[in-house]
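Colleague: give me a model of this one.
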Amino acid sequence: MKILIPHIFSILILIQNVEGQNYFSRHFDFEGDNDIAWNITKAGDRYVVFSANYCHQNTVGCSGLLCFNKNLDLIWRIQLDSVGPLFEECVTADDQFIYLCVTPEYNPNYVMRLYKIDLNGNLIHMKELGPYSKRISPIVMNHHQDLLYMNVLYWHDRNIKGYDSTEIWYMDKNFEVVHKFTDTDKNKYEDLTGFRPTLDGNFIASKTYFNNNGIVRGMVKKFDPSGRNIQNFHLPWTHAGYYDLGLEHVKPTRDNGWVGLWHQEIEVFFNDTFPRQPMVYKMDSMGNVEWLQIFYSKYPKRIINLFEASNGDIILVGEKESSGRVNKYVLSGWVVRIASDGKILWEKSYNDTISINGYSHFYDGLEMENGDFVFCGSIKPFQEAGIIYNTDNWLVHTDRNGCILPSCDSFQLLTKIDFPKQQPFSEVRFTNPVANELVVESDSFSSPVSITITDLKSSKILEFKEMLLPLKCNVSQVPAGIYLLKIQDMKTHISKTYKFLKT
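Modeller: Residues are numbered from 1 along each chain as shown. From the prediction side, this is the model:
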């Protein structure tokens, strides 16, 4: 028997002030290409969003960071050119620095690059590792006390005999590996997600794998501080899981237990139920299931992430589809709040007036110090015939009940407020190709800029700080080849990168 869950759908506006709080839905773009806000994390008194994006007209994988103050005003944004994310959750932060792992375009998934960035967006340290003989996928990076922890999944070649394995790296905060261990159950397909500290001083991770019958199963693995496997808790669900979703998170809870995600597949006989359902489960410290929620629906739903609120409630973050009047399916951001005893408190869907019948979803979220929530993901404007729109980073700020509007218990639609996009470099011109002198100029742009020239491996060749345009750069000593020209506005910290040919 299906449990009927009261559902609340709210179409939300770009900005609305409620009782003095600035609740909003906003979207941010780097270069007009596709952007996805994968993660949001607290860094000191700031909030940092990690964006997986493309640049150079969607031809190159890049990564971006957007930094907001405690009031969620954008302070700065930076883009890492020609280095794309290896997977979700490859960013973490402490009170002083932001740490992230990406892969360079010249050898993706076989080389990794680690960045340490301060809260003002300055690069403090960078380390490149590889190339590796096997395809790698750092899945989760997090920190605890003075160490960084990262899962490094090694994929075996499917054409030869072998199995997947995962290494857990313990690193200091300059990316020096101080300890590591390998975990594998010698399955043909398996991955270990997360390595998170529990209250008893141990660590937990989730494993998804194919058993001998080719059915997707899962377990929670518990390790001591040195990486010794203490216990395994197999998920007792009888239906097969859905492997392609990856990243079935498990997170420690304040009662020394944990809460985890799963997506099962069942055979259905009626068209009122989608055959794949997201699940969330709660286990105690001994691996006993305390409660379970399964979300049945006619259209697809997916839980992408989850976190524990300060009062012990569980917040689920993801996406859901519904029927649309223009498009067959409408994809929306989706959030569920569950009490610590497993009771669903509320469930809400979010969209924006720029994408009413289009595409929007959440990837991550967190609770602010005052109990409000902020969620991040991507949003795609409503598509008109013959016009191509790219996705933008999407940020939504709600109160503790998931509300933006004064009353969010019914359908709401307000007039969109248009925010002009900042395009500070639309009038910039430069010589290309260039022999000895690179000239950068603009008829209208007058702010100080920083100009950096790097090779395609992002190694710095030349740098000019706090300069005014027009600027003449002597590049006569630079070898012939293709280079990247990055221009950054020193006031807004908005940057744009171009390619040029040195002859």
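
Colleague: ok, what's across the strand from the nearest residue to residue 84 once chain neighbours are set aside?
Modeller: Nearest residue to residue 84, sequence neighbours excluded (CB to CB, 6 or more residues apart in numbering): residue 61, at 2.8 Å. Every C-beta, even on glycine, is put in place using the N, C-alpha and C of the backbone. Judged by DSSP bridges, the bridge partners of residue 61 are residue 54.

Colleague: what is the burial count for residue 61?
Modeller: Neighbourhood size, residue 61 [other CB atoms under 10 Å]: 21.

Colleague: separation between it and residue 501?
Modeller: 21 Å (CB to CB, to the nearest Å).

Colleague: domain ranges for the protein?
Modeller: In terms of domains, the chain is parsed into 8-398, 428-502 (source: automatic domain parsing).

Colleague: gap between the first one and the chain center?
Modeller: By that I understand domain 8-398. 6 Å (CA atoms, centre = their mean, to the nearest Å).

Colleague: residue 404: which of the domains of the chain is closest?
Modeller: domain 8-398 (4.3 Å; CB to CB).

Colleague: what about the closest one, average pLDDT?
Modeller: Average pLDDT, domain 8-398: 84.

Colleague: in JSON lines: the domains of the chain, plus distance to residue 404.
Modeller: Formatted as JSON lines, the domains of the chain follow (distance: least, CB to CB, whole Å):
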{"stretch": "domain 8-398", "distance to residue 404": "4"}
{"stretch": "domain 428-502", "distance to residue 404": "27"}
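
Colleague: please work out which of these is packed deepest.
Modeller: Comparing the domains of the chain by mean neighbour count (mean count of other CB atoms under 10 Å), domain 8-398 ranks first with a mean of 18.

Colleague: show me what residue 77 bridges to in the sheet.
Modeller: Applying DSSP bridges to residue 77 yields these beta-bridge partners: residue 66.

Colleague: same thing with residue 472?
Modeller: Legend: beta-bridge partners of residue 472 under DSSP bridges are residue 439.

Colleague: distance of it from residue 440?
Modeller: For residue 472, the distance to residue 440 - CB to CB - is 8 Å.

Colleague: also residue 144?
Modeller: Taken as CB to CB, the span from residue 144 to residue 440 is 45 Å.

Colleague: can you check residue 33 too?
Modeller: Distance from residue 33 to residue 440, by CB to CB: 22 Å.

Colleague: again, but for residue 23
Modeller: 41 Å.

Colleague: ok, now residue 185?
Modeller: From residue 185 to residue 440 the distance is 56 Å (CB to CB).

Colleague: same check on residue 135?
Modeller: Noted for residue 135: a distance of 39 Å to residue 440, by CB to CB.

Colleague: contact partners for the closest residue to residue 478 other than its chain neighbours?
Modeller: Nearest residue to residue 478 in three dimensions, chain neighbours excluded: residue 502, at 5.4 Å (CB to CB, 6+ apart). Contacts for residue 502 were tallied using CB atoms under 8 Å, 6 or more residues apart in numbering; they are 433-435, 475, 478-483.

Colleague: again, only this time at 10 Å
Modeller: Residue 502 sits next to 432-436, 438, 453, 461, 475-476, 478-483 when contact means CB atoms under 10 Å, 6 or more residues apart in numbering.

Colleague: before we move on, what about residue 126?
Modeller: Taking CB under 10 Å, 6+ apart as the contact definition, residue 126 lies against 80, 83, 113-117, 175, 458-459.

Colleague: and with 6 Å instead?
Modeller: Residues near residue 126 by CB atoms under 6 Å, 6 or more residues apart in numbering: residue 115.

Colleague: secondary structure element for it?
Modeller: Element membership for residue 126, per DSSP states H and E: strand 123-129.

Colleague: next, residue 30: secondary structure please.
Modeller: Under DSSP: H, G, I helix; E, B strand; the rest coil, residue 30 falls in the coil class.

Colleague: and it, how close does it get to residue 50?
Modeller: Counting by CB to CB - residue 30 and residue 50 are separated by 13 Å.

Colleague: same check on residue 192?
Modeller: 21 Å.

Colleague: residue 59 now?
Modeller: Remark: distance between residue 59 and residue 50 (CB to CB) = 21 Å.

Colleague: send the alpha carbons of stretch 41-52 over as CSV?
Modeller: Output of stretch 41-52 as CSV, limited to C-alpha atoms (Å, rounded to 0.1, in the frame of the first residue of the first chain):
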residue,chain,number,x,y,z
THR,A,41,30.1,24.3,1.4
LYS,A,42,30.8,26.6,4.3
ALA,A,43,34.2,28.3,4.3
GLY,A,44,34.8,30.4,7.4
ASP,A,45,31.9,33.0,7.4
ARG,A,46,31.4,32.5,3.7
TYR,A,47,29.6,30.1,1.4
VAL,A,48,31.4,28.6,-1.7
VAL,A,49,29.7,27.0,-4.6
PHE,A,50,31.7,24.6,-6.8
SER,A,51,30.6,24.8,-10.5
ALA,A,52,31.2,22.2,-13.2
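
Colleague: just use 436 as the starting number from now, easier for me
Modeller: Shifting the count to begin at 436 puts that one at stretch 476-487.

Colleague: contacts for it, please.
Modeller: 470-475, 499-505, 520, 526, 528, 530, 533, 554, 811, 828.

Colleague: how does it look with 7 Å?
Modeller: 470-475, 498-505, 507, 519-520, 526-528, 530-531, 533, 535, 554, 801, 809, 811, 828, 830 (CB atoms under 7 Å, 6 or more residues apart in numbering).

Colleague: try stretch 896-911
Modeller: 869, 871-877, 880, 883-890, 913, 918, 925, 937.

Colleague: give the next helix or strand downstream of the strand or helix carrying residue 757.
Modeller: Assigned by DSSP H and E, residue 757 belongs to strand 749-758. For strand 749-758, the following helix or strand on the C-terminal side (DSSP H and E) is strand 764-773.
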